[in-house]
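**Student:** Sharing a sequence plus its predicted fold:
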Amino acid sequence: MTGPRLLFLMNEALFFTTHRLPVALAAQKDGYEVHVAAPFEAASVAVIRDCGFQYYDLPLKRGGRGLLGETRLLVSCLRLIRGIKPDLVHHVAMKPVIFGGLASRLLGVPGVVHAVTGLGFLFIRDDWPARLIRALIMPLYRFALGHPNARVIFQNPDDLRLFLDHGLVRQDITLMIKGCGVDMTTFTPISPPDGPVVVMFPARILGDKGVHEFIHAARQLKAAGTTARFILVGRRDPANPTDVAEATIRGWEAEGLVEWWGFRTDMPAVLAQAHVICMPSYREGLPRGLIEAAACGLPTVTADVPGCREVVRHGESGFLVPVRDGPATAAAIKKLLDDTDLRAAMGLAARQLALAEFTVEAFVADTLAAYDAVRPAKGAG
C-alpha cells in the first residue's frame with residue numbers, strides 16, 4: 001500500500017530544487033508519494049525525477065496576466081489534481097496558491113498547505129494597474145485560502161498582518177516559518193579572501209531587488225576612489241516587469257561599475273569570494289540569498305522592508321537602510337569597506353543569527369508539522 005500522495009504546485013522547477021527539495025525528500029522518507037508540478041526546465045526536472053518524484057509540466061507564466069492564460073492554468077490545475085487525487089497539496093508562491101488553491105478547494109482535496117513566499121511587484125507598486133489587479137486577486141486569495149482543512153505559511157509578520165487586515169485568511173490556520181532554511185554545513189564561514197574588498201549582490205537582476213540602488217552605490221563609491229569590486233550574481237527575469245535589460249547590465253560593466261557573474265549554482269564557493277553582501281530589495285517574503293550570506297558569516301546591507309529586516313539585525317549583523325535610497329546604501333557599504341574589524345564582528349553575529357533561526361533542519365521539521373496538521377492518517381492510501 002502506498003502512502004499519502006503529496007503534490008507540490010510550483011511556479012518554477014528551479015525554485016523547487018533550490019527551496020523545497022529538502023522538504024520533499026523528508027516527506028518521501030516519512031512515507032509520502034511525492035508529485036511535483038511546475039513549468040518545464042530540463043536541468044531541474046532531471047533533479048526532480050532523479051529523486052524518485054513524479055513530475056508534471058504546468059503551463060504557468062509568472063509574468064502573464066492574460067485572461068486566457070490564467071483560465072488555461074486553472075483548467076490545468078483542475079485536471080492535474082483530479083488525475084493525481086492527492087491527499088495533500090502544497091501550493092508555493094502566488095499563482096500556485098491562488099489557482100491551485102481554487103482547484104484544490106473545488107475538488108475537495110483532503111488537506112492543503114499554502115506557502116505565501118512574498119507578495120511580489122503587485123504589492124510594491126501603487127499605480128492604477130497594480131491597484132486594479134490587487135482588487136481582482138483579493139477575492140481569489142480569500143476563496144483559495146478558505147479550504148476547510150488548511151494551513152497557510154507566512155515568512156514574515158508584515159505579510160501575515162496584511163492578509164489578516166484584509167480578511168483573506170483565518171488567523172487560526174496561519175503559521176510563521178521564516179524562510180526556507182539553509183544547510184549550515186554547506187554554507188559556512190571561511191577566512192576573507194585577499195585583495196580588494198568584494199561587495200556582492202546575490203539576486204535576480206531586478207529593479208525591485210534594489211539593483212539600481214546597488215549601482216548608485218557602486219558609482220558613488222568608485223567616484224570617491226574606492227578600490228572595492230562590485231559583483232552582480234544572478235540571472236535576469238524577463239517575466240518580471242522590473243527586469244533589467246542585458247544591454248543595460250553590459251553597459252554597467254563597460255562603465256567599470258560592476259562585474260556580472262550571471263546565474264550560479266555553486267553559491268558556497270561564490271560567497272566565499274565576498275566580503276560584504278548588499279541587496280537593498282523593495283519587499284521580500286524572506287530572501288534565501290540573505291540567509292545564505294548570514295550562514296557564511298558575511299555582513300549585509302539591505303533595505304528596512306518586510307522580509308529583509310527579518311534576516312539582518314541593524315548595527316549588529318549588518319545595516320538596514322531606507323528603501324529606494326542609493327546614497328544611504330552607499331554610506332552603509334562605506335562603513336564596512338573602511339573597517340575590517342566591523343566586518344568581522346558583524347559577520348560573526350550574522351552566523352550566530354543564522355544558526356539560531358534559519359537552519360534547514362528547523363525549516364523541514366516545521367513544514368512537516370504543517371503537513372501532519374492536515375494529512376490523512378499514516379498508512380492511508
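**Tutor:** Now that the structure is in, tell me what you want to look at. Being a predicted model, the structure only gives us computed values, none of them experimental. Residues are numbered from 1 along each chain as shown.
**Student:** And the average pLDDT for the helix or strand hosting residue 27 is what?
**Tutor:** Assessed by DSSP states H and E, residue 27 sits inside helix 21-29. For helix 21-29, mean pLDDT is 98.
**Student:** got it, and stretch 126-135?
**Tutor:** In this model, stretch 126-135 has a mean pLDDT of 76.
**Student:** tell me which residues in that stretch are buried?
**Tutor:** Of the residues in stretch 126-135, those scored as buried under the neighbour-count criterion (16 or more other Cβ atoms under 10 Å) are 130, 134. (C-beta placed from N, C-alpha, C; glycine too.)
**Student:** Which helix or strand in this structure has the lowest average pLDDT?
**Tutor:** One helix or strand of the chain scores below all others by mean pLDDT, DSSP states H and E: helix 128-144, with a mean of 84.
**Student:** what distance separates that one from the centre of its chain?
**Tutor:** If you compare the mean C-alpha spot of helix 128-144 with that of the full chain, they lie 21 Å apart, counting by Cα atoms, centre = their mean, to the nearest Å.
**Student:** wait, residue 364 sits on residue 26?
**Tutor:** Yes. Using Cβ atoms under 8 Å as the test, residue 364 is close enough to residue 26 to be in contact (4.8 Å).
**Student:** which residue ranges form the strands in the stretch 51-200 of the chain?
**Tutor:** When secondary structure is read from DSSP state E, counting those that start in this stretch, the stretch 51-200 of the chain shows strands at 54-57, 88-92, 111-116, 150-154, 174-176, 198-202.
**Student:** Mean pLDDT added to these, as a markdown table?
**Tutor:** Converted to a markdown table, those look like this (pLDDT from 0 to 100):
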| stretch | mean pLDDT |
| --- | --- |
| strand 54-57 | 98 |
| strand 88-92 | 98 |
| strand 111-116 | 97 |
| strand 150-154 | 98 |
| strand 174-176 | 97 |
| strand 198-202 | 98 |
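**Student:** of all these, which lies closest to residue 18?
**Tutor:** The minimum distance between residue 18 and those falls on strand 88-92, with 11.7 Å, by Cβ to Cβ.
**Student:** and the closest one, what does it pack onto?
**Tutor:** When contacts are defined as 3 or more Cβ pairs under 8 Å, 6 or more residues apart in numbering; DSSP states H and E, strand 88-92 packs onto strand 5-9, helix 13-19, helix 101-106, strand 111-116, helix 360-374.
**Student:** Redo these as JSON lines? Include distance to residue 266.
**Tutor:** As requested, the helices and strands packed on strand 88-92 are exported to JSON lines (distance: least, Cβ to Cβ, whole Å):
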{"stretch": "strand 5-9", "distance to residue 266": "25"}
{"stretch": "helix 13-19", "distance to residue 266": "12"}
{"stretch": "helix 101-106", "distance to residue 266": "35"}
{"stretch": "strand 111-116", "distance to residue 266": "26"}
{"stretch": "helix 360-374", "distance to residue 266": "18"}
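**Student:** so where's this structure uncertain?
**Tutor:** Counting by pLDDT under 70, the chain shows low-confidence ranges at 1, 62-66, 120-125, 376-381.
**Student:** hang on, the earlier thing: turn the strands of the stretch 51-200 of the chain into TSV, including distance to residue 302 and mean neighbour count.
**Tutor:** Output for the strands of the stretch 51-200 of the chain, formatted as TSV (distance: least, Cβ to Cβ, whole Å; neighbours: other Cβ atoms under 10 Å):
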stretch	distance to residue 302	mean neighbour count
strand 54-57	35	16
strand 88-92	23	28
strand 111-116	20	26
strand 150-154	19	24
strand 174-176	20	16
strand 198-202	11	25
